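# turn this into a model:
(one chain, ligands or ions: 1)
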Amino acid sequence: MLPAMEQIILNPEKSPLPLEISGCLDRPVLLEIGFGNGEFPVHLARSRPEDIVVGIEVSLTCVLKAARRAIRAGVGNVHFIMGDARFLLRECFPDMSLDVVYMNFPCPWPKSRHAKRRVTNPSFADALASVLKMGGYYELVTDEEWYAHEVGEILGAHPSMRLERYTVNPVRPVTTKYERKWMEMGKDIHLVRIEKINNFTIKRVLSEVDAEMHLKAKIKELNLAKLRNLFNHEGGHKDSHWVFKDSFSNEQGVYLIEIIVSDQGFEQKFFIRIAESGEGVIFKLAETGSPFRTPAVKGALHDLCDRLRTESEE
Ligand SMILES: C[S@@+](CC[C@H](N)C(=O)[O-])C[C@H]1O[C@@H](n2cnc3c(N)ncnc32)[C@H](O)[C@@H]1O
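Numbering: from 1, shown residues only. I've put the predicted structure just below:
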């Protein structure tokens, strides 16, 4: 059983989302990305009861731990969203909606083949520049000196942001699990603060796609073999790509086909459900693993339907 359901948003499909939930656009909103066990956001929420604190975390275990911590602390002004912040930061928050974005001890992804995952990548910088309020800031704390310098140089060079502060071993109101770990090992802690100084906006992919994901087609003699023939078929359009994987069926004549998609490098896995209905066949997203309705999800649905329809007309 999930604790504090009202505080956990397990599958945010709408955008913008946390601000709607809090209903408090006029209150300061502070976000932490990758909050781990939740110590930092719960402390923030407790010490700033007038503000809204939001956390994004990709691990369900961490989200549950943090929610239990929030209940024990009796704070109601904190919300946790489960998912990948590289996508959610841009898609869930409108322009100029956040006062501060914190990141405490993210993995620095030191290997060059993982450089795209670092916060210094251009799409993260653009998302930050768009969601921060004017004068708002992004604050990163890390034990890796090279990483702190890279973040300061690259984000600080963005046309809408500037390096405001670089501090070694800052005094902080709360320490996190990783902070204590690095301090016990005698490592220095590096804090970089980047301030937003100019307006900036970016395109959101979710707002460009209509949420309707439901197609009907006449398909003759649909069967599992036909679906399995599509195994590993790929498709794509601009920055969106998809591939069809395994297919399954049940006794009621319902088929599920597994799909992997990517939108600007943001990956999702889900199923399309195909079932006979009246004179046609209905294609829709299966409830299991419900994905964000991105251009790649829509592209995959249409491509699957078109391929099966064309084949059945031949
Ligand atoms: C090294 S831990 C630091 C945890 C905590 N901030 C601390 O200082 O103790 C990094 C955290 O970031 C989370 N994380 C990694 N990539 C993420 C992403 N793309 N979106 C959201 N959270 C992410 C991980 O699940 C992990 O909990």
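
# end to end, how far does stretch 194-210 reach?
End-to-end distance of stretch 194-210 (C-alpha to C-alpha, to the nearest Å): 35 Å.

# contacting residues around it?
For stretch 194-210, contacts defined as C-beta atoms under 8 Å, 6 or more residues apart in numbering pick out 15, 90-91, 95-96, 126-130, 132-140, 151-152, 155-156, 158-164, 263-264, 292-295, 297-298. C-beta here means a position set from N, CA and C on the backbone, and glycine is covered the same way.

# quick check, stretch 96-106 touching the ligand?
Yes - applying C-beta under 6 Å from any ligand atom, one finds stretch 96-106 in contact with the ligand at 104-106.

# which bits of the stretch 1-150 of the chain sit near the ligand?
Within the stretch 1-150 of the chain, the residues that sit near the ligand (C-beta under 6 Å from any ligand atom) are 33-36, 56-59, 62, 84-86, 104-107.

# now list the buried members of these.
33-36, 56-57, 62, 85-86, 104-106 (16 or more other C-beta atoms under 10 Å).

# quick check: which of those has the minimum pLDDT.
Within those, the minimum per-residue pLDDT falls on Arg86 (86).

# could you point out where this structure is predicted with low confidence?
Scanning the chain for pLDDT under 70 picks out the ranges 1-25, 211.

# in the longest helix anywhere in it, what's buried?
The longest helix of the chain (DSSP state H) is helix 295-313. The neighbour-count check on helix 295-313 (16+ other C-beta under 10 Å) flags 295-301, 303-305, 307-309 as buried.

# same question, stretch 71-78
By neighbour count on 16+ other C-beta under 10 Å, the buried set for stretch 71-78 is 75, 77-78.

# now render those residues as a markdown table, adding distance to Leu224 and secondary structure.
Compiled in a markdown table, those are given as follows (distance: C-beta to C-beta, whole Å; DSSP: H, G, I helix; E, B strand; the rest coil):
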| residue | distance to Leu224 | secondary structure |
| --- | --- | --- |
| Val75 | 51 | coil |
| Asn77 | 51 | coil |
| Val78 | 47 | strand |
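
# out of those residues, who's nearest the ligand?
Comparing these against the ligand with C-beta to the nearest ligand atom picks out Val78 as the nearest, at 14.6 Å.

# give me the distance between the closest one and Arg204.
24 Å (C-beta to C-beta, to the nearest Å).

# picking that back up, tell me the one of the buried ones among the residues of the stretch 1-150 of the chain next to the ligand nearest Ala225?
Closest to Ala225 out of those is Arg86 (38.2 Å), distances taken as C-beta to C-beta.

# in three-state terms, label the closest one for me.
Classification of Arg86 using DSSP: H, G, I helix; E, B strand; the rest coil returns helix.

# wait, it sits on Phe266?
Yes - counting by C-beta atoms under 8 Å, Arg86 touches Phe266, with 6.4 Å between them.

# re the thing from before, which of the residues of stretch 96-106 next to the ligand fall in strands?
Under the assignment DSSP state E, the residues of stretch 96-106 next to the ligand contribute Asn104 to strands.

# and the residues of stretch 96-106 next to the ligand as CSV, adding distance to Pro49?
What follows is these, written out as CSV (distance: C-beta to C-beta, whole Å):
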residue, distance to Pro49
Asn104, 21
Phe105, 26
Pro106, 27
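
# which stretches in this structure count as strands?
Going by DSSP E, the chain shows strands at 8-9, 29-33, 52-57, 78-82, 98-104, 132-142, 161-168, 190-196, 214-217, 234-237, 240-249, 254-263, 266-277, 280-285.

# looking at these, which is buried most?
strand 52-57 (a mean of 28; mean count of other C-beta atoms under 10 Å).

# that strand versus strand 78-82: what angle between them?
If you take axes from the mean of the first three to the mean of the last three C-alpha atoms, to 10 degrees, strand 52-57 sits at 20 degrees to strand 78-82.

# for strand 52-57, name the packing helices and strands.
helix 18-22, strand 29-33, helix 39-47, helix 60-73, strand 78-82, helix 85-92 (3 or more C-beta pairs under 8 Å, 6 or more residues apart in numbering; DSSP states H and E).

# what's in contact with that strand?
18-19, 22, 24, 27-36, 38, 41, 44-45, 63, 66, 77-83, 85, 88-89.

# could you rerun that using 6 Å?
By C-beta atoms under 6 Å, 6 or more residues apart in numbering, the residues outside strand 52-57 that reach it are 18, 22, 24, 27, 29-33, 35, 41, 44-45, 63, 77-81, 85, 88.

# cool, and stretch 172-182?
Here stretch 172-182 makes contact (C-beta under 6 Å, 6+ apart) with 36-37, 39-40, 43, 104-105, 143.
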